[in-house]
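>>> With the input below, show me the fold.
(2 chains)
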2 protein chains.
Amino acid sequence: MNEPTVITGMTVKDIRFPTSLEKQGSDAMHIAPNFSCAYVVIQTDTDLEGHGNAFTEGRGTDVVCYAITSMQKKVIGRKLSDIFNNFGTYWREITNDDQTRWIGPEKGVTHLATAAIINALWDLWAKMEGKPLWKLLVDMDAEQLVNTIDFTYMSDALTRDEALEKDMLESGHPSYTTSCGWLGYSDERITEEVTKAIAGGTTRFKMKVGKDLQDDIRRAKMFRELIGYDKIWCVDANQKWDVDEAIDWMKALAPYKPLWIEEPTSPDDILGHLKIAQALNPLGIAVATGEMCQNRVMFKQFLQANALQYCQIDACRLGGVNECIAVYLMAAKFDIPVCPHAGGVGLCELVQHYSLFDYIRCSGTLEKNRMTEYAEHLHEHMLDPVTIKDGNYMPPKVAGFIVGIKPESLRDYEYPVGPAWQKMFDQGLFERE
Amino acid sequence: MNEPTVITGMTVKDIRFPTSLEKQGSDAMHIAPNFSCAYVVIQTDTDLEGHGNAFTEGRGTDVVCYAITSMQKKVIGRKLSDIFNNFGTYWREITNDDQTRWIGPEKGVTHLATAAIINALWDLWAKMEGKPLWKLLVDMDAEQLVNTIDFTYMSDALTRDEALEKDMLESGHPSYTTSCGWLGYSDERITEEVTKAIAGGTTRFKMKVGKDLQDDIRRAKMFRELIGYDKIWCVDANQKWDVDEAIDWMKALAPYKPLWIEEPTSPDDILGHLKIAQALNPLGIAVATGEMCQNRVMFKQFLQANALQYCQIDACRLGGVNECIAVYLMAAKFDIPVCPHAGGVGLCELVQHYSLFDYIRCSGTLEKNRMTEYAEHLHEHMLDPVTIKDGNYMPPKVAGFIVGIKPESLRDYEYPVGPAWQKMFDQGLFERE
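Numbering: from 1, shown residues only, chains lettered A, B, ... in the order given. Coordinates of the predicted model:
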């Protein structure tokens, strides 16, 4: 097959899955999310396509799709060699158009749109090279890797030269599961899910908290009785609390020994997380955050201030591979483990590549509880779903990054026109828009 | 006339002005902006309408318009008494929809859309009360005022009770002008503008910097020769530098005694601004930022860390009046002057209300160089343009907030269909989209 040389087209679809029906994904702030994505396909002058997605939670996905479409001019018609040879420069062109940056910059809707497009380009590049993304990354020489990064606003924490010096090592990567502890699950469902997970070899768990303190204490006790104290147990408040409230609430949950409290307060509050960490670290509780942390500048400060002890990047909120790698390099310098956020549409499929890259080439270790989030829903829609064995992510072998969502899923779940949505509207499960 | 009781409709238009033709608004990062806005009109069951805008810089305005349209469901059909009696709660409903918040939260496109809608509601409310917004605000009792604020994530810096205790005093409010120092202006144009401004009574100036150090030094010297050292002179880099670069660059400009360096680096970098302030404050240079500061949580940290000495809120980037007032109250507690950003489409018209509120009801002082930015372009399109007298903003008397953009301007400059744009496309001044 000929190598593709130029981008000839870009399409985007609003894909939504009705996860709210079973309360999958439910937490203290997101009562009834429908896990969704804005799904991008980049076409070339050959049959090869790059696929990318911005994970979303239902309403608003169309806004992200609209933003992606508005960026077509910067994508269609471009030579692939121009992009891949100067990827850091191209990334900056996408994120810092002199008129458009006002409506960001590098955050919210425009940055989600950036992530979908940039990740589709990496998916295409990995397919051109016939490698899964993690292998493309670990095979690059240091200069090539660093050339994909925009170092703007980072130089007080990490310079290009320091990044070049970084070079590192290889196996299946540890996961932890979120699937047992959704806030909307009944005690019976939790017991069933935990029993199933332990039978499958899982030793690391997370539970949602933040709705009701007494109920959280009761559920914490139940969870620890189910899994014992020899396994890892984390809790996640999804930004529910003010700063002092987070400290008081977590002191009450301290007897159940959570490894971390995730998203105790606003994702924008670096100094707030620092205050929480200073109060809770002496009790053995770490602070984790990052799935709604908007860009490398915010992560830089969380790391500089030691305001987090676990760094949880989101593969679709940061501006794609280029910016995720930048954060991994900074985290390695500050010796903070990255435990990427996953569970959303395609997120597990994406972040497994980062965890392999981290172990082989960046931190070079599994110490400090390095592990990757896992949730078991929606993988049936993926062309190359993740494989979990004894609680570990097994390295993907298929060329590409997200690789793709199945054509029949894209057809059935396109919102609101897909047959699956039309049927659910007819059944009265959701209001027709 | 009957009082309106319910919202019956909401329209949005993409309005753009070709300011890039004269390099108005040009700076180190925004080479050729076309000052624009997403313009919202809220209709009621009477003839009374509320008008609001999200200021933008050209490309991407359509994305904000799309986001505003997508929020119609939360606006149309609502009773006005339900909104105005519980405005803090309504604000939170708009900003924290459990599915949509993922694509923000409270930042970027979705927050600009929020600002336009929320400010249109305040414009409507002020018109219903027959008062300019500043008068509506200063006439409220403390409890009413505080009820418009969402205190979520703020309680570690300012509680509802502390806010209630705040209560304060009255004249024309000082302005400073940005109109003489756009980066794209020639020396001749700068000299002409400065001479004109001084003749009009202006004593406070700002100049754009950050493109070329030697040229900045030359222009600084020229500017000080034109205005002398008895007047206030500020500089603005519009986020051009990395942290250490900002410090070095400003040390070279220190001999020209700038009052502040504005936006030296990323608007997200609280700790970076702190480092810059610690290096430059001993040289008599303050740090100012805020026009791209996304929400109250970020301002809270800038204030807590003393990372800024001048707080520059933007009336259309924060989520409207409710959130702007929250930041004013926090700034008063930390004794930091608020010098609001203005100059964009409608921004001068909006922020003058805040400055009056600040002086009469909040800080109660003009000390610490409290002043409001002013730029002289585009006021001819406003139904109630600002009045500047001897360098002071004179209190507006017409009921409302933005009050409105002239119908003929809305017709002519609607993008891309308006006759003014069609003519400029025909003339080859801009590329037809």
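>>> What values do phi and psi take at whatever residue of the stretch 301-433 of chain A ends up closest to chain B?
Nearest residue of the stretch 301-433 of chain A to chain B: A:Gln301, at 4.7 Å (Cβ to the nearest Cβ). Just so you know, the C-beta spots here come from the backbone N, C-alpha and C atoms, and that holds for glycine as well. Here is the backbone geometry of A:Gln301 (degrees, to the nearest 10): phi -70, psi -40.
>>> Help me confirm that it comes into contact with B:Asp269.
Yes: counting by Cβ atoms under 8 Å, B:Asp269 is a contact partner of A:Gln301 at 6.6 Å.
>>> So what's the residue count around A:Tyr256?
By the criterion of other Cβ atoms under 10 Å in any protein chain shown, A:Tyr256 has 18 neighbours.
>>> how many other residues sit next to the residue nearest to it when sequence neighbours are not counted?
Among residues not flanking A:Tyr256 along the chain, A:Ala220 sits closest, at 4.1 Å (Cβ to Cβ, 6 or more residues apart in numbering or on different chains). When counting by other Cβ under 10 Å, one arrives at 21 neighbours for A:Ala220.
>>> Quick check: phi and psi at A:Ala220.
Backbone torsions for A:Ala220, taken as degrees, to the nearest 10, come to phi -60, psi -50.
>>> Helices along the stretch 1-150 of chain A, start to end?
Secondary structure of the stretch 1-150 of chain A, counting by DSSP state H, counting those that start in this stretch: helices at A:61-70, A:80-85, A:87-95, A:108-128, A:133-139, A:142-146.
>>> looking at those helices, which is buried most?
Most buried of the helices of the stretch 1-150 of chain A, by mean neighbour count (mean count of other Cβ atoms under 10 Å in any protein chain shown): helix A:108-128, with a mean of 27.
>>> Roughly how far does the closest residue to chain B within chain A sit from A:Pro264?
Using Cβ to the nearest Cβ, the single residue of chain A nearest to chain B is A:Gly108, 2.2 Å away. Relative to A:Pro264, A:Gly108 is positioned 22 Å away (Cβ to Cβ, to the nearest Å).
>>> could you dump the helices of the stretch 1-150 of chain A to a markdown table with mean pLDDT?
A markdown table is the format used below for the helices of the stretch 1-150 of chain A (pLDDT from 0 to 100):
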| stretch | mean pLDDT |
| --- | --- |
| helix A:61-70 | 96 |
| helix A:80-85 | 96 |
| helix A:87-95 | 94 |
| helix A:108-128 | 94 |
| helix A:133-139 | 90 |
| helix A:142-146 | 88 |
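>>> three-state assignment of the nearest residue to A:Pro132 once chain neighbours are set aside?
Distances taken as Cβ to Cβ, 6+ apart place A:Pro396 nearest to A:Pro132, at 4.7 Å, with adjacent residues excluded. Three-state assignment for A:Pro396 (DSSP: H, G, I helix; E, B strand; the rest coil): coil.
>>> pLDDT at the residue nearest to A:Tyr256, what is it?
Note for A:Ala220: predicted pLDDT of 97.
>>> Please give me every residue in contact with it.
By Cβ atoms under 8 Å, 6 or more residues apart in numbering or on different chains, the contact set of A:Ala220 is A:207, A:209, A:235, A:253, A:256, A:258.
>>> Which ones among the residues you listed map onto helices?
Of these, the ones assigned to helices by DSSP state H are A:Leu253.
>>> of the contacts of A:Ala220, buried ones?
Buried members of the contacts of A:Ala220, counted by 16 or more other Cβ atoms under 10 Å in any protein chain shown: A:207, A:209, A:235, A:253, A:256, A:258.
>>> Please convert these to TSV, extending it with distance to B:Glu380 and pLDDT.
Formatted as TSV, the buried ones among the contacts of A:Ala220 follow (distance: Cβ to Cβ, whole Å; pLDDT from 0 to 100):
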residue	distance to B:Glu380	pLDDT
A:Met207	60	95
A:Val209	56	95
A:Val235	58	97
A:Leu253	60	98
A:Tyr256	65	98
A:Pro258	61	98
